[in-house]
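Trainee: Coordinates for the following, if possible.
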Amino acid sequence: MPEAKPEAKKAPKGASPKEAPAEAPKEAPPEDQSPTAEEPTGIFLKKPDSVSVETSKDTVIVAKVNGKELQGPPTIRWFKGKWLELGSKSGTRFSFKESHDSASNVYTVELHIGKVVLGDRGDYRLEVKTKEACHSCGFNIDVEAPRQDASGQSLESFKRSGEGKSEKMGELDFSGLLKKRYVFENVGKKRILTINKCTLADDSAYEAAVKDEKCFTELFVREPAVLIVTPLEDQQVFVGDRVEMMVEVSEEGAQVMWIKDGVELTREESHKARYRFKKDGKRHILIYSDVTLEDGGHYQVMTNGGQCEAELSVAEKQLEVLQDIADLTVKAAEQAVFKCEVSDEKVTGKWYKNGIEVRPSKRITISHVGRFHKLVIDDVRPEDEGDYTFVPDGYALSLSAKLNFLEIKVEYTPQQEPPKIRLDCSGKTSENSIVVVAGNKLRMDVAITGEPPPVATWLKGDKVFSATEGRTRVEKRVGCSSFVIESAERADEGQYTIKVTNPVGEDVATIFLRVVDVPDPPEAVRVTSVGEDWAILVWEPPKYDGGQPVTGYLLERKKKGSQRWMKLNFEVFKETTYESTKMIEGILYEMRVFAVNAIGVSQPSMNTKPFMPIAPTSEPLHLVVEDVTDTTTTLKWRPPNRIGAGGIDGYLVEYCLEGSEEWIPANTEPTERCGFTVKNLPTGARILFRVVGVNIAGRSEPATLAQPVTIREIAEPPKIRLPRHLRQTYVRKVGEALNLVIPFQGRPRPQVVWTKGGAPVDTSRVNVRTSDFDTVFFVRQAARSDSGEYELKVQIENMQDTATIHIRVVEKAGPPVNVRVKEVWGTNALVEWQPPRDDGNSEITGYLVQKADKKTMEWFNVYERNRHTSCTVPELIIGNEYYFRVFTENICGLSDSSGVSKNTARILKTGITLKPFEYQEHDFRMPPKFLTPLIDRVVVAGYTAALNCAVRGHPKPKVSWMKNNMEIREDPKFLMTNYQGVLTLNIRRPSPFDAGTYTCRAVNELGEALAECKLDVRVPH
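Mentor: Presented below is the predicted three-dimensional model:
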């Protein structure tokens, strides 16, 4: 099957089948032509094209690779989707072909798919891999079911149009192929093509042909906007952990861009940075299998319809001791067990006795199960006594405990001996005091002597313990009484008493048991203030410290709605006020606090109320004084440069008297306008003003005037600002309105007086309205009597300013008078008249002269805007008698009536003959000639290019275009236009194969002309 191209798919719509083979050489260079002539600039000289094929058809995908860009022979792999590799196990329908042109160093690779099925539809990828780099590009294969005719048979061959014609005659009819997605409609004179379920493969040029006439258009298909459904979440991880950052979008197969700290993450760099991408339906996942410190940072995901961002914090692993080893006191031949628990299951370690490593033996067993490390010594001997230490590998940490050997001495005693209690308190902090960590097991072994053997009784206060099973129990052995507490609790703390009695006497001992635990959660956790990317968190210490001093606090933060908490500190924080930074403005957060003591970490506190980092705006800009009176000051300013996510609710204005430090608010409610008038100010005082912006985060920094303002109206001399159009005579027509607005300035408010000829204006005709800044002169309907010279006077006390305005009201002039024919000669007549008695108060701009035959009395113009009061009327018809009339014209137009001549002009017949002028007709024919030649062009691949030139010739030359001396015929890729000799060749989305020499030829019966240029198509890197 020939190489498939998107253009080839659309060609059958506007081209006959006989023309299709002739266009093939334009789409690809000849086989013997070297691709190096195109100066490739990339690894792919030709990328695989997306194609659309029918089921049961074969297709071939072809690509060309520039070997000059590779360090050695490449490894070619084809994939369906992102990860499914096509190979020998894909089936016999898939075959692969590779060839190498050593002369040009170009690799040609082909993918053959036989008998395409619907399951072959989807996105494909070609991967070219060498030892040092990996390159890939994608393409799409769209599979359509075969079209069927009414009888249910597939349309394996196209029908030909026309009745009574053989199979070899008529045009091919493609409408049967397009019934599924392409719908043709005829609505009156309209022909409509509807494309259902438009895809990127439909992006192309389309042509409609009606007999010999054709028209073209282009369809651009854009991918729909991809929205982010589930955004990224902040993550707090340790070095070596596996990290998956997931985002869910609204469309499957959408393209997303991953950005880390402003730098795009690409698949080409993934093997160097130890990350990879994964697609699972609508979910896009960035995976780090073994995260490092360098992988931490600010991550963004961008689509064509939105973006989201999150922080990835990577910290060094810190080993936490969940259960420390405890001191032991054992007797001979008993078993000693040292046990500890750490936070990392993978951590190994060594056991030491008095600084010497302990090796396993028949009596000594060392085990590591999950997070638990255990040292077991069977058949304890006196030489086993000493200090035992566990040291985790790779951490500056050690856990120590002491093994006490309880030696039993056998002494001869009399038959009768009073009871005696022998105490040895392990973990004692004072005499007869024992400390135990909550949750641990406590066993108080008390040695007793006496003959006969005494009876031991355990008490806590007045409560007697006698149970031998349960969480708290008493165990009895020869010469020993034990009190055991499984999983010690806070309620177990207190003073315990053991009483031993026999017939000879009794003995009593008191032991104080102190239970230490993790502290309670901190209380009253709250956020007191926020900024653009920070927040201040405060809290109260826990009410119960667990019996050990609180050494500090750990803090966590998360976005509202998320379940992932991020640690803010790894070293304990000792204060009760913390500033959290690196937050995103406009996002809701929650925070919580843990208390830490020597025993461990408390439960988390209550979450803070959701808060949003929002900063006040920056200070308002350009604060200036706009106006000052005796009791008010008007200020104006511009909005702040930075407003932020909190927006701006308005502005507050404050003022302060000079010498005082008290700022007085001028408005209680924020004003939204960038201007405000402060009223009721003391006259003569010097006052300083400032303005602050207000939003949900509070007040901004103030914008303050540099100098105080004196509250006093500024005296300003009167000044009339006469508009430019009133500095010359102001002309209006009768009946129109006179409306003059004349601004002025002056303080205090000046007195305004209008006069005409030294007398006040007639208020019955003229309306005058005056404000603080201007005066209005208004006449509803002007009359000629309103013409004249008006004087405007603006006065403040002994200061004044005047202006003179000339007004002229005009109307149409009257008709000319004494119109008469003064002289007639040949076919000419001399007409004279006198100016009108009334010129309409305007200059006469000309006269309109008309003539009429006495027989018909139909009037025809002879002269328009004749400046003189006479004119000669030529070319009158012999034998006719003429009347003449004249209209007066001024600025208002022609007069309503005319002056008609009282006498007539009679043109008498004489012996006049007409001799035609002899001349030789000019020959306008000329051969074609290019006025503007073609110019060599260099264009970028994928962007429409145009070649232009201009030609002249008569008769109109026939124009044709050629590429590499081959004529360009009907091809949707090329659009040729000729507009009044300006010739244009438009090339739609040129590729490197469209480069070459283009020629424009113009031919007529007198000769021909040629214009040539070279077109070079560059592929962007």
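Trainee: What residue, apart from its backbone neighbours, is nearest the spatially most central residue of the chain spatially?
Mentor: In the chain, the C-alpha nearest the mean C-alpha coordinate belongs to G306, at 5.9 Å (Cα atoms, centre = their mean). The shortest distance from G306 to any non-neighbouring residue, by Cβ to Cβ, 6 or more residues apart in numbering, is to I228 (4.7 Å). (Glycine included, C-beta is placed from N, CA and C.)
Trainee: which residues touch that neighbour?
Mentor: V247, E248, V249, S250, V301, T303, G305, G306, Q307, C308 (Cβ atoms under 8 Å, 6 or more residues apart in numbering).
Trainee: please redo it, this time with the cut-off set to 10 Å
Mentor: 247-250, 254, 256, 284, 301-303, 305-308 (Cβ atoms under 10 Å, 6 or more residues apart in numbering).
Trainee: could you redo the residues you listed as a markdown table and give each row distance to S660, secondary structure and pLDDT?
Mentor: Formatted as a markdown table, these follow (distance: Cβ to Cβ, whole Å; DSSP: H, G, I helix; E, B strand; the rest coil; pLDDT from 0 to 100):
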| residue | distance to S660 | secondary structure | pLDDT |
| --- | --- | --- | --- |
| V247 | 58 | strand | 92 |
| E248 | 61 | strand | 92 |
| V249 | 61 | strand | 90 |
| S250 | 61 | coil | 87 |
| A254 | 64 | coil | 82 |
| V256 | 61 | coil | 88 |
| H284 | 63 | strand | 92 |
| V301 | 56 | strand | 92 |
| M302 | 55 | strand | 89 |
| T303 | 58 | strand | 88 |
| G305 | 57 | coil | 81 |
| G306 | 53 | strand | 85 |
| Q307 | 51 | strand | 88 |
| C308 | 52 | strand | 90 |
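Trainee: from what I can see the residue nearest to the centre of the chain touches L232, true?
Mentor: No - using Cβ atoms under 10 Å, G306 is not in contact with L232, being 12.0 Å away.
Trainee: before we move on, back to that, next up, the contacts around the residue nearest to the centre of the chain.
Mentor: Applying Cβ under 10 Å, 6+ apart, the residues near G306 are A225, V226, L227, I228, V229, P231, V249, S250.
Trainee: How about W859?
Mentor: Q850, K851, A852, D853, Y883, F884, R885, S898 are the contacts of W859 under Cβ under 10 Å, 6+ apart.
Trainee: Report the buried members of the residues you listed.
Mentor: Q850, K851, A852, Y883, F884, R885, S898 (16 or more other Cβ atoms under 10 Å).
Trainee: Buried residues in stretch 904-922, which are they?
Mentor: Result for stretch 904-922 [16+ other Cβ under 10 Å]: buried residues T904, A905, I907.
Trainee: Quote the end-to-end distance of that stretch.
Mentor: 45 Å (Cα to Cα, to the nearest Å).
Trainee: Look at I742 and tell me its secondary structure.
Mentor: strand (DSSP: H, G, I helix; E, B strand; the rest coil).
Trainee: so what's it closest to, chain neighbours aside?
Mentor: Nearest to I742 is T775, by Cβ to Cβ, 6+ apart, at 5.5 Å.
Trainee: Would you confirm that that neighbour contacts V752?
Mentor: Yes - if you go by Cβ under 10 Å, T775 and V752 touch, sitting 4.9 Å apart.
Trainee: what residues are shared contacts of these two?
Mentor: I720, I742, F744, V768, R769, L792, V794.
Trainee: Contacts only, for the third one.
Mentor: I take that to be F744. Counting by Cβ under 10 Å, 6+ apart, F744 has contacts 718-722, 750, 752, 770-775, 792, 794, 801, 803.
Trainee: for it, which residues make a bridge with it?
Mentor: I720 (DSSP bridges).
Trainee: Flag the shaky bits of the stretch 101-250 of the chain, pLDDT-wise.
Mentor: 145-180 (pLDDT under 70).
Trainee: so what's the residue nearest to I742 bridging to?
Mentor: Beta-bridge partners of T775, counted by DSSP bridges, are I742, T770.
Trainee: how close does it get to M302?
Mentor: Applying Cβ to Cβ, to the nearest Å, the value for T775 to M302 is 62 Å.
Trainee: Could I have the CA atoms of stretch 346-362 written out in PDB?
Mentor: Extracted C-alpha coordinates of stretch 346-362, given in PDB (Å, rounded to 0.1, in the frame of the first residue of the first chain):
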ATOM      1  CA  LYS A 346      15.100  -2.400  57.300                       C
ATOM      2  CA  VAL A 347      17.500  -1.100  59.900                       C
ATOM      3  CA  THR A 348      20.000  -3.700  61.200                       C
ATOM      4  CA  GLY A 349      22.200  -3.300  64.300                       C
ATOM      5  CA  LYS A 350      24.700  -4.900  66.700                       C
ATOM      6  CA  TRP A 351      24.500  -5.700  70.400                       C
ATOM      7  CA  TYR A 352      27.400  -4.900  72.800                       C
ATOM      8  CA  LYS A 353      28.200  -5.900  76.300                       C
ATOM      9  CA  ASN A 354      30.500  -3.500  78.200                       C
ATOM     10  CA  GLY A 355      31.700  -2.200  74.700                       C
ATOM     11  CA  ILE A 356      32.400  -5.700  73.300                       C
ATOM     12  CA  GLU A 357      30.200  -7.000  70.500                       C
ATOM     13  CA  VAL A 358      27.900  -9.900  71.500                       C
ATOM     14  CA  ARG A 359      28.100 -12.900  69.300                       C
ATOM     15  CA  PRO A 360      25.300 -15.600  69.100                       C
ATOM     16  CA  SER A 361      26.000 -18.900  70.900                       C
ATOM     17  CA  LYS A 362      24.100 -21.800  72.400                       C
END
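Trainee: so V624 touches L635, yeah?
Mentor: Yes - assessed by Cβ under 10 Å, V624 is found in contact with L635 at 7.2 Å.
Trainee: more neighbours, those two?
Mentor: Taking other Cβ atoms under 10 Å, V624 and L635 do not tie; L635 has more neighbours (24 against 10).
Trainee: mind listing what the more buried one touches?
Mentor: Contacts of L635 (Cβ under 10 Å, 6+ apart): 623-627, 651, 653, 655, 666, 674-678, 689-691, 703, 705, 709.
Trainee: CA atoms only: put the helix or strand containing it into CSV for me.
Mentor: Assigning secondary structure by DSSP states H and E places L635 in strand 633-638. Output of strand 633-638 as CSV, limited to C-alpha atoms (Å, rounded to 0.1, in the frame of the first residue of the first chain):
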residue,chain,number,x,y,z
THR,A,633,-10.3,68.7,50.8
THR,A,634,-10.7,66.3,47.8
LEU,A,635,-8.1,63.6,47.4
LYS,A,636,-7.6,61.1,44.5
TRP,A,637,-5.2,58.2,44.1
ARG,A,638,-4.7,55.1,42.0
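Trainee: pLDDT on that strand, on average?
Mentor: For strand 633-638, mean pLDDT is 93.
Trainee: likewise stretch 609-628?
Mentor: Mean predicted confidence for stretch 609-628 is 89.
Trainee: Kindly report the same for stretch 257-276.
Mentor: 81.
Trainee: Over to stretch 1008-1019?
Mentor: 93.
Trainee: Off-centre distance for it?
Mentor: Stretch 1008-1019 sits 41 Å away from the centroid of its parent chain (Cα atoms, centre = their mean, to the nearest Å).
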